[in-house]
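Undergrad: Provided below for reference: sequence and predicted model.
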Amino acid sequence: MSTTTLEKTQTEPAPAARPRRRSRRRGESGPLGTVLLHGGLVIASLIALAPVAWLFFLSLGPDKDDYLHPGKIAGKLTFSNYSFVLQHTAFFDWFKSTMIVALGTTLIGVFVAATTGYAVSRMRFPGYKSLMWVLLLTQAFPIAILIVPMYEIFSELGLIDTYWSLIVINCTTAVPYSAWLLKGYFDTIPFEIDEAGRVDGLSPFGTFFRLILPLARPGLAVAAFYNFITAVGEVAFATTFLLDDSKYTFAVGLQTFVSQHDAQWNYMAATAVLIAIPVSVFFYLVQKNLVTGLTAGGTKG
């Protein structure tokens, strides 16, 4: 009898193993959360792209008053506004001036901001904390009250109607923020790297240029992009300090389409679209490092 029982036990199939329910990891969203997240990103993207698409659409209208009746533009789309801007205006002079000012501001501004941020991050000299707060305080002054004293200073130095005046002015605007940004990024780089450089016989400048700057590339990319767009979009000082129309930047050149009683909105829209091209190219060159640079600087104060 025991043999029969043993045989029955051996022939009975083993119960099928139940599939283990996958546990959700911490921070992982469910299907509904994923749908809501992607839906929100799509809506945010559409909101961000809508003004650009609308500007491009208006630039295809042949008449200056087409923005009042946008529904009629679809039946008469044309690129004549672009050909007029490129052939019958000083667009390429504006482009040259803008690139000189923007690239000059970027190179000088990033260099000054990087050295300042590194010095405050690594060195403990009298007033190093006050220095950063003074830089932050300079951002509190509105541009309107700075134009007159700046104009007098540059007039005495003979810098009116020169690119140097705009480069210096743009640096005073962009460097404080860039210095704070890079200081926070340098704080995330271990001090052991500086010590290793000194052990290898590098000077403080050698350590900075050969070891620290390559590691700070994402932060430098963010600072460079900020300096670049600040110089491209600056209007008030460029309008005041540039007198020769051949030295106008894009921001000042756009104002030539506006008179006391009239505004050529179709040409302004076409020019604005063309202005976005060099900015987009610069963004493409640095975009790989932008996300890392924007987030890393806030991990350590």
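TA: Here it is on my side, so go on.
Undergrad: for T271, what are its contacts?
TA: Counting by Cβ atoms under 8 Å, 6 or more residues apart in numbering, T271 touches V85, T89, F91, F250, G253, L254, F257. For every residue, glycine as well, the C-beta is placed using N, CA and C.
Undergrad: nearest to A216, out of those: which one, please.
TA: In terms of Cβ to Cβ, no member of those lies closer to A216 than F250, at 30.1 Å.
Undergrad: just confirm the closest one contacts F95, I think it does.
TA: Yes - the pair formed by F250 and F95 meets the contact definition of Cβ atoms under 8 Å, at 7.3 Å.
Undergrad: ok, the two, which is more surrounded?
TA: The neighbour comparison of F250 against F95 (other Cβ atoms under 10 Å) goes to F250, with 25 against 17.
Undergrad: and stretch 116-123, how far out from the chain's middle?
TA: Distance, stretch centre to chain centre, for stretch 116-123: 23 Å (Cα atoms, centre = their mean, to the nearest Å).
Undergrad: what does T188 show for phi and psi?
TA: Recorded main-chain torsions at T188 are phi -80, psi -10, according to degrees, to the nearest 10.
Undergrad: could I get the pLDDT score of it?
TA: Per-residue pLDDT puts T188 at 86.
Undergrad: and it, how close does it get to Q287?
TA: 21 Å (Cβ to Cβ, to the nearest Å).
Undergrad: ok, the residue nearest to W94 when sequence neighbours are not counted - how many residues close by?
TA: Closest residue to W94 apart from its sequence neighbours, by Cβ to Cβ, 6 or more residues apart in numbering: G253 at 4.0 Å. Applying the criterion other Cβ under 10 Å, we find 23 residues in the vicinity of G253.
Undergrad: host element of G253?
TA: Secondary-structure element containing G253, defined by DSSP states H and E: helix 250-253.
Undergrad: which other helices and strands contact that helix?
TA: In terms of contacts (3 or more Cβ pairs under 8 Å, 6 or more residues apart in numbering; DSSP states H and E), helix 250-253 is packed against helix 91-122, helix 217-233, helix 236-241, helix 265-296.
Undergrad: so which of those helices gets nearest T173?
TA: Of all those, the one in closest proximity to T173, counting by Cβ to Cβ, is helix 217-233 (5.9 Å).
Undergrad: before we move on, back to that, list of residues touching the helix holding G253?
TA: Taking Cβ under 8 Å, 6+ apart as the criterion, the residues outside helix 250-253 that touch it are 89-91, 94-95, 98, 232-235, 238-239, 242, 271, 275.
Undergrad: what is the rounded mean pLDDT of it?
TA: Taken as a whole, helix 250-253 carries a mean pLDDT of 88.
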